[in-house]
Every structure is written in C-alpha cells, then in structure tokens.
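J.: sequence below, structure please.
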Amino acid sequence: MQLYYGDIPLCYTHSVAMVLHAYGYDFQPPYLEALMAMGNGANFLDDDPKHPLVFFDNGEPDISISNCLQMLGFEYDEHYLRSSDEMDVVNMKERLASLLKNGPVIVGPLDMGHLTYNPNHGYLKGVDHFVTIYDLIGDELCLHDPAGYPCMQMNFTDFLPAWQAESIAYKRGSFSMWGNLRRVETPSPAEIYHKLSLTMKKRYESSQSNVIEAYADSIRSHGLNLQQKQLHDFFSFRLASARSNYLSHFLRKHDLERAVLKEKMADLFGQAHLASLREDFISLADILQDIAQLDNQFKEKCLQYKGRE
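T.: Numbering: from 1, shown residues only. Now for the predicted structure:
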C-alpha cells in the first residue's frame, strides 16, 4: 500500500517534526508517528451502555513524545506542573525563555478552546492540541500551530488557560514543554525497531481488552448517536487508518507479518469511515469485528516479542 501524506490531526507529531527540523534533523511525520506507537488497540472514554465513546489507540501523546525522542537518541529538558505543584507564572515564563535560547519548544497538551487565533476555538473547548513556540518577544508568544496556523502570535497571559489544559484528562500535568534537544546517540534502525516493539508490548499489556468487539456489538444494536458519528466522520476512523498505514510502512523492513496486519487495518478503517458516512451501521459493525480480529492478531505478536537474544 502507498504511504499516505495529507491532512491528518497529528498535532503532537507535526510539532515534534518542526522542532527536530529546527535543530537540524529531518525526520518525516509518518516515521515519527510510527514511533509514537499511538495507533494500536482501543479504549472506552466513558461507560455509556448504548453509545460509548471509543478512541482507537492505547497511548497518550505527551508520554509518546518523550518516548519517541528517547528512541531516536535524544536527551531534552522537560517541564510540567502536577496538580499539587504551585503555579508560578513568572517561573514558567523564565523556563520557556531559557529553553528558547537553544531553539523552538514543543508545548502541550493545550485546550484548543482558548486558542483565540483559531476562528473555531469557541467550538473546541476540551479538545487537546500541541504547537511549537519559536520566540518570546516581551509578552508575545510566536508559534506555529500544525492545525493550519503558522506564524501566530498570542499574549503569554492569554495563552496560559490553553496551556493549563484544565479540561484535558489524560495529561501528566499542566504547562508541559520539551526543549533544549541534544542527540547523544544515533541508534541503528534495528535498535529503534527493538525499542518500538518493547513500547507496543508494554502498552498492550496494560490496555483495555475486547473494546473493538464490544463497540461493534453496541453499534449493531444501537447504531451511532450524533456525538459518536461526528467523532468518527471528522476524526477517529481517518486518523486510525493513517496511523496503521504509517506503522505498516515502518514495520515492513523489520517484521513483514505485523506490517501486513497493519496494512489490512488501514484499509478497513477507511471502509469504516465510509460506512459511518452512509449510516450503514450493520456494515460498520461487521467492519469493526474484522478490525478487532486483526488487532488481536497484532496484539498477540506484540506480546510475544522477546527482542534481541
């Protein structure tokens, strides 16, 4: 299958790619997204018995950013505030300014509802996001937003509610940032594959089970409500397809069996998107059952991974 390039909501991956490029390293987003290991399995976001919300992943973007940089041999300075930490705006601004002396900074998760340069921000409260900050002039932040808003400026104080990410449940803490990147190792492709395989194994070991099968049964019985349909029509299925496509291409040089499984899943997630648009919920349920079978096969192979002897 051809490698996909296009408009996919991978803000954390594109932010990492922009910062790495500024430091002189040209890693393409599809490659970085494969290393994020975000597109495997699925998890329930709530326990609604008829219309649950499901994301087709088993990782979190902020942890995945750190993992990806480490896989590639980078050290970095990282800062975030836990809920028990005292908020010190002056200190955060000084930390950011210090990191910017060495290059751009990855920041997030952010709450898009507070990013006022986005004309749709009023409809995006609670939606997570990542950007890169490349300058701080007085109280004005200069940033690139991978959602299609380069060269934006925003007052530091106005940016704080987005950066606090109060409505983003998965975050490790508020005001997260990564900067001052240093590549201390240059791991081989085999070493990177090994680290990725260990990450996928670990995530499957701690992830929810039988989510996709249960979701297929729910859709077969109850269809999709408006919230579910909007999630799938505008976001989740196309994202899952792209992630599977990217991981398949990475794995093809290392593990053909797992690569083929992810390629088949990429195709099926595309079909799921079309079935959701048609509101053909029986077909959608059938497609999700097929995806579940493939994901279970992929999961088993990940759990069996033993690594280098």
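J.: what's near enough to touch the residue nearest the centre of the chain?
T.: Centroid check for the chain by Cα atoms, centre = their mean gives residue 61 as the closest residue, at 4.4 Å. Residue 61 makes contact with 12, 36, 38, 108, 109, 128, 130, 170, according to Cβ atoms under 8 Å, 6 or more residues apart in numbering. (Glycine included, C-beta is placed from N, CA and C.)
J.: what's the helix or strand for residue 175?
T.: Assignment of secondary structure by DSSP states H and E places residue 175 within strand 174-183.
J.: please, a PyMOL command that selects the buried ones among the contacts of residue 61?
T.: Restricted to buried positions by 16 or more other Cβ atoms under 10 Å, the PyMOL selection for those reads:
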select buried, resi 12+36+38+108+109+128+130
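J.: specify which member of the contacts of residue 61 is nearest to residue 3.
T.: Relative to residue 3, the closest of the contacts of residue 61 is residue 36; by Cβ to Cβ it sits at 16.2 Å.
J.: if I read this right, the closest one contacts residue 67, doesn't it?
T.: Yes - counting by Cβ atoms under 8 Å, residue 36 touches residue 67, with 7.4 Å between them.
J.: per-residue confidence at residue 293?
T.: pLDDT for residue 293: 98.
J.: grab the nearest non-local neighbour of residue 139.
T.: Distances taken as Cβ to Cβ, 6 or more residues apart in numbering place residue 156 nearest to residue 139, at 4.8 Å, with adjacent residues excluded.
J.: neighbours around the one you found, how many?
T.: Neighbourhood size, residue 156 [other Cβ atoms under 10 Å]: 17.
J.: repeat that for residue 167.
T.: Residue 167 has 16 neighbouring residues, counting by other Cβ under 10 Å.
J.: for residue 302, see how far away it is.
T.: 32 Å (Cβ to Cβ, to the nearest Å).
J.: same check on residue 133?
T.: Applying Cβ to Cβ to residue 133 and residue 302 gives a distance of 35 Å.
J.: look at residue 240 and tell me its secondary structure.
T.: Here residue 240 is recorded as helix under DSSP: H, G, I helix; E, B strand; the rest coil.
J.: hang on, it packs against residue 271?
T.: No - the criterion here is Cβ under 8 Å, and residue 240 misses it with residue 271 at 11.5 Å.
J.: quick one, which of those two is more surrounded?
T.: Taking neighbours as other Cβ under 10 Å, residue 240 and residue 271 compare with residue 240 leading, 26 against 17.
J.: tell me the contacts of that one?
T.: Residue 240 touches 39, 56, 57, 265, 269, 272, counting by Cβ under 8 Å, 6+ apart.
J.: tell me how many other residues surround the second one.
T.: By other Cβ under 10 Å, 27 other residues sit near residue 56.
J.: so it makes contact with residue 269?
T.: Yes - using Cβ under 8 Å, residue 56 makes contact with residue 269 at a distance of 7.4 Å.
J.: shared neighbours, these two?
T.: Jointly contacting residue 56 and residue 269 under the rule Cβ under 8 Å, 6+ apart are 237, 240.
J.: now the strands for the protein?
T.: 43-44, 54-55, 74-81, 105-111, 128-137, 140-145, 149-155, 174-183 (DSSP state E).
J.: so where's the chain shaky on pLDDT?
T.: By pLDDT under 70, the low-scoring segments of the chain are 84-85, 308-309.
J.: helices of that one, start to end?
T.: Using DSSP state H, the helices of the chain run over residues 11-22, 29-36, 61-71, 89-100, 156-164, 189-206, 211-222, 226-231, 237-251, 256-278, 281-303.
J.: which one's more surrounded, residue 133 and residue 302?
T.: Set side by side, residue 133 and residue 302 show more neighbours around residue 133, with 25 against 22, by other Cβ under 10 Å.
J.: from residue 4, how far off is the more buried one?
T.: Relative to residue 4, and taking Cβ to Cβ, residue 133 is found at 28 Å.
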